[in-house]
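Got a predicted structure here, sequence first:
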Amino acid sequence: MNLATHQVQVRLDPAQADEARIKAAITEAGYQPRDLPVSAARGSEEQARAFALLRRKVIVAIVFAAPVAAVGMFDLFPADVYPLRNWILLALTLPVFFYSGRHIFAGALQGLRKGRANMDTLIATGVTAAFAFSAVATSWPRLFSHDGHAAHVYYEAAAVIVALILTGRLLEQHATGKTSEAIGRLLDLQPPTARVLRNGQEQEVPAEQVVAGDVIAVRPGEKLPVDGIVVAGQSFVDESMLTGESMPVEKTAGSVVIGSTMNKAGSFQFTATKVGQDTVLRQIVRLVQEAQASKAPIARLADVVCAYFVPAVIAIAIAALAWWLLFGPEPRWMYATVAFVSVLVISCPCALGLATPTAIMVGTGAGAERGILIRSGEALETAAGINAVVLDKTGTLTTGKPAVTDIVPAPGFSPAELLTLAASAEKGSEHPLGDAIVRHAAEQKLALSDTQAFNAVAGHGVEATVAGRRVLLGNARLLRDRGIALGDLAARAEALANGGKTPVFVAIDGQAAGIVAVADTLRENSRGAVERLKALGIEVIMLTGDDARTAQAIARQAGIERVMAEVLPQHKADEIKRLQQQGKTVAMVGDGVNDAPALAQADVGLAIGSGTDVAIEAAGITVLRNDVGGVVSAILLSRRTLRTIKQNLFFSFIYNVVLIPLAAAGMVNPMLASAAMVFSDISVVGNSLRLRRFRFEP
């Protein structure tokens, strides 16, 4: 159970139990079961109703507790009505005790029925002791009188403690409500309606009624209701809500589009592929909800402490009561009651229960708003201790898309002529290197010619006739097989290959005309991200199936010293295991299906947002941005969140450690004890909320 949100995560075995039995068990435990809201509006309504009810109870408690406190602390009654003083205080305390504090006592009673002491047990026991003692002293004043003086009553303690506790919970509920705003904001991103093409007509329907296969029209300035694939039109879509990238992304026929992103320029139509709970947005919301309801391993410390702490405190309170009754000065009952109530109230471990979940809620929410999806509290905590990051090369450090890097013409040929003929010849090829050459020519706005007699030479290259000239493209072996001398181009090709580039030789009319070098280029900010990881004291390793020469070239560009090259996909997890056996806490960063086993083997798997669903499912953390910089941000956020949890645990313990002995010694009265407990709660929640302003910088 997440004490910050009162949400329970349930794993259900249909063969053993059903939903009704689960809800019955939750009810028996003293809680009111409600399904998790499926929309931001419904969730907000439920939160608003709960907040309004608690606020009414707080108002009633304050209205009646204020005069009780004033009368109890200052002798305001004139002498002629003094005999009625205690009865008036009793009448004022009753609404506080039986209306405002009713749910506190109900929670304690449910715990006692199950043989468990919970946080409400301490408060209810202390308040009930103060109220019962005072009520008995009012009804039978001679029972506790001393030297002819009536016993002092503690209605102000009972009333004010309930008022302070409820006020603290009201502030706490207001603050923790802010920690879950991320989910509400995410849900609000989805537009309420969609413009669907049915029977040749555009129909505006609720977004929930869109089904897979529907064709949806989108105009400029509109949000996309669901995920899909563009079938007609062209536009630029702002995907910053997912990736954090400020530049809109061009979308043409065949492009994948994501629901809740914003169409910026043109109009287009797309076919819905993922709707309802299957959309990327809903999956993100589910991940955030699961993470916020999960527990980090450090939370076990708080659980263990609470299991022993509550019985221990009750024992200390009883011991203090007995000591004052046996050895304290007169009136012994008064001193004993004050000590007993103060120990119980001041030691209530509410802050201890909030220490971990509030920090996890705020941390995962802050991450989600910045495109970092953390699957669980365990992944969040483990990421904070990472000391080795293994980066996949293709698609992670690099763009994953070959691009032309160099054009080296032989004497007698110009770069433009060489590129034009090469691209024209490759128009009919489906090879990634050929596609890169054609794309580069298009970027240079070169006019390509039609080809004749195109022929793909398997494993070597292509040949074609372009504008009456015989063009040959491929590796060195293809040219040598055709009897074409490479000359000085052989040395240039060797230098390019040593730089991690693939040289494509071009021959025109039987003569070596030059080289077009193609490479999977390093992402723009990969080197900066690697430097930031090193600055954090993390060893950076590159893992790839590419040949060693290409891998080393990319590693040099990225600033990585340690490289594991020529590793087959099925062996990547073994390499991660070897690092773990060396005592390292390893994070694996990847984007492909072949990375999934390594992501699962690593202490923390981080999937890059451009990756496959399989990679994302195997990862503990998903970075929606297509760059390694998001990995740095995820680690920084994890470290900051774990530090916040440790600070919260300190705030939770320090009040108890310092003040319980003072309370047992009668040096802290019940009202001050309750104020200290409330301050402890506010300290924990306020400290967690600071994560919302966290800046992702090293």
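Nice, I can see it. Fair warning: this is a prediction, and the values are worked out from it, not measured in the lab.

Could you list the low-confidence segments of the stretch 201-350 of the chain?
240-247, 284-307, 345-350 (pLDDT under 70).

Now do the strands in it.
Taking DSSP state E, counting those that start in this stretch to define them, one finds strands in the stretch 201-350 of the chain at 201-206, 215-218, 227-233, 235-238, 249-251, 256-257, 262-263, 268-274.

What is the third one packed up against?
Helices and strands in packing contact with strand 227-233 are listed as strand 256-257, strand 268-274; criterion 3 or more Cβ pairs under 8 Å, 6 or more residues apart in numbering; DSSP states H and E. Bear in mind the C-beta positions are built from the backbone N, C-alpha and C, glycine included.

Partner strands of that strand and their direction?
If you go by DSSP bridges, strand 227-233 pairs up with strand 256-257 (antiparallel), strand 268-274 (antiparallel).

Mean neighbour count added to the ones you listed, as a markdown table?
Shown next, in a markdown table, are the strands paired with strand 227-233 (neighbours: other Cβ atoms under 10 Å):
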| stretch | mean neighbour count |
| --- | --- |
| strand 256-257 | 18 |
| strand 268-274 | 20 |
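
what about the residue nearest to residue 215 when sequence neighbours are not counted, which helix or strand?
In this structure, residue 215 finds its nearest non-sequential neighbour in residue 197, 4.4 Å apart by Cβ to Cβ, 6 or more residues apart in numbering. Assigned by DSSP states H and E, residue 197 belongs to strand 193-198.

can you state the direction angle for that strand and strand 201-206?
Counting by axes from the mean of the first three to the mean of the last three Cα atoms, to 10 degrees, strand 193-198 points 150 degrees away from the direction of strand 201-206.

my read: residue 340 touches residue 319, true?
No. Here residue 340 does not reach residue 319: they are 9.6 Å apart, not a contact under Cβ atoms under 8 Å.

more neighbours, these two?
residue 340 (29 against 14; other Cβ atoms under 10 Å).

so what's that one closest to, chain neighbours aside?
Nearest to residue 340 is residue 321, by Cβ to Cβ, 6+ apart, at 4.2 Å.

and what of residue 203?
Nearest to residue 203 is residue 196, by Cβ to Cβ, 6+ apart, at 5.3 Å.

tell me, how many neighbours does that neighbour end up with?
Applying other Cβ under 10 Å, I find that residue 196 has 20 neighbouring residues.

ok, now residue 531?
By other Cβ under 10 Å, 14 other residues sit near residue 531.

Likewise for residue 496?
22.

and it, backbone torsions?
phi -60, psi -40 (degrees, to the nearest 10).

Isn't it up against residue 505?
No. Counting by Cβ under 8 Å, residue 496 does not reach residue 505; the two are 10.9 Å apart.

what's the overlap in contacts for those two?
residue 515 (Cβ atoms under 8 Å, 6 or more residues apart in numbering).

Quick one: the strands paired with strand 227-233 as TSV, columns for distance to residue 568 too.
As requested, those are exported to TSV (distance: least, Cβ to Cβ, whole Å):
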stretch	distance to residue 568
strand 256-257	29
strand 268-274	32
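
Can you check which of those gets nearest to residue 404?
strand 256-257 (25.2 Å; Cβ to Cβ).

Select the longest helix from this protein.
When the chain is parsed with DSSP state H, its longest helix is helix 629-664.

buried set for that one?
For helix 629-664, burial by neighbour count (16 or more other Cβ atoms under 10 Å) applies to 629-642, 644-645, 647-649, 651-653, 655-656, 659-660, 663-664.

show me the contacts for the residue lying closest to residue 499 once chain neighbours are set aside.
Closest residue to residue 499 apart from its sequence neighbours, by Cβ to Cβ, 6+ apart: residue 553 at 5.1 Å. Residue 553 is in contact with 498, 499, 500, 501, counting by Cβ under 8 Å, 6+ apart.

go with 10 Å
496, 497, 498, 499, 500, 501, 519, 522, 546, 563 (Cβ atoms under 10 Å, 6 or more residues apart in numbering).

Roughly how far does residue 680 sit from residue 443?
Distance of residue 680 to residue 443, computed by Cβ to Cβ, to the nearest Å: 62 Å.

what does residue 367 give?
36 Å.

between those two, which one's more packed in?
residue 367 (28 against 10).

Buried ones among the contacts of residue 553?
Counted by 16+ other Cβ under 10 Å, the contacts of residue 553 give 496, 497, 499, 500, 501, 519, 522, 546, 563 as buried.

returning to that earlier point: and the strand holding residue 197, which strands flank it?
Its sheet considered, strand 193-198 pairs with strand 201-206 (antiparallel), strand 215-218 (antiparallel) by DSSP bridges.

Mind checking these for the one nearest to residue 308?
Checked against Cβ to Cβ, the stretch from those lying closest is strand 201-206, at 52.5 Å.

Spatially, which residue comes closest to residue 607, not counting chain neighbours?
residue 619 (3.7 Å).

Likewise for residue 191?
residue 223 (4.3 Å).

swap in residue 514?
residue 409 (4.0 Å).

State the distance from the residue positioned nearest the centre of the chain to residue 691.
The chain has residue 364 as the residue nearest its centroid, 2.7 Å off, counting by Cα atoms, centre = their mean. Residue 364 sits 10 Å away from residue 691, going by Cβ to Cβ.

now do residue 637
From residue 637 over to residue 691 (counting by Cβ to Cβ), the distance is 8 Å.

now residue 425
Counting by Cβ to Cβ - residue 425 and residue 691 are separated by 57 Å.

what about these two, which has more around it?
More neighbours surround residue 425 than the other of residue 425 and residue 691, with 29 against 23 (other Cβ under 10 Å).

Quick check: buried residues in stretch 410-430?
Quick answer for stretch 410-430 (16+ other Cβ under 10 Å): 410, 413, 418-427, 429.

Report the mean per-residue pLDDT for it.
For stretch 410-430, the mean pLDDT works out to 86.

Please apply the same query to stretch 652-667.
For stretch 652-667, mean pLDDT is 79.

Residue 333 is in contact with residue 137, correct?
Yes. Using Cβ atoms under 10 Å, residue 137 is in contact with residue 333, at 8.4 Å.

Those two: which is more packed in?
residue 137 (23 against 20).

does that one count as helix, strand or coil?
helix (DSSP: H, G, I helix; E, B strand; the rest coil).

any idea how far it lies from residue 154?
9 Å.

and for those two, which residues touch both?
Counting by Cβ under 10 Å, 6+ apart, the residues touching both residue 137 and residue 154 are 334, 337.

Dig out what residue 461 forms beta bridges with.
Beta bridges link residue 461 to residue 457, residue 474 when assigned by DSSP bridges.

Next, count neighbours for it.
As a measure of burial, residue 461 has 25 neighbours, counting by other Cβ under 10 Å.

which residues touch it?
425-426, 429, 431, 433-434, 455, 472-475, 477-479, 504-507.

Show the pLDDT at it.
At residue 461, pLDDT is 81.

shift numbering so it begins at 30
Renumbered: residue one is now 30, and that last one reads residue 490.

Give me the distance between it and residue 513.
Residue 490 sits 12 Å away from residue 513 when distances are taken as Cβ to Cβ.

quick one on the thing from earlier: anything in contact with each of residue 369 and residue 348?
residue 693.

What segments of the stretch 430-579 of the chain are helices?
444-455, 461-472, 505-510, 518-527, 555-564, 577-587 (DSSP state H, counting those that start in this stretch).

Out of these, which is closest to residue 406?
Closest approach to residue 406 among the helices of the stretch 430-579 of the chain is made by helix 555-564 (23.1 Å; Cβ to Cβ).

and that closest one, what does it pack onto?
Packing partners of helix 555-564 (3 or more Cβ pairs under 10 Å, 6 or more residues apart in numbering; DSSP states H and E): strand 417-421, strand 568-572, helix 577-587, helix 658-693.
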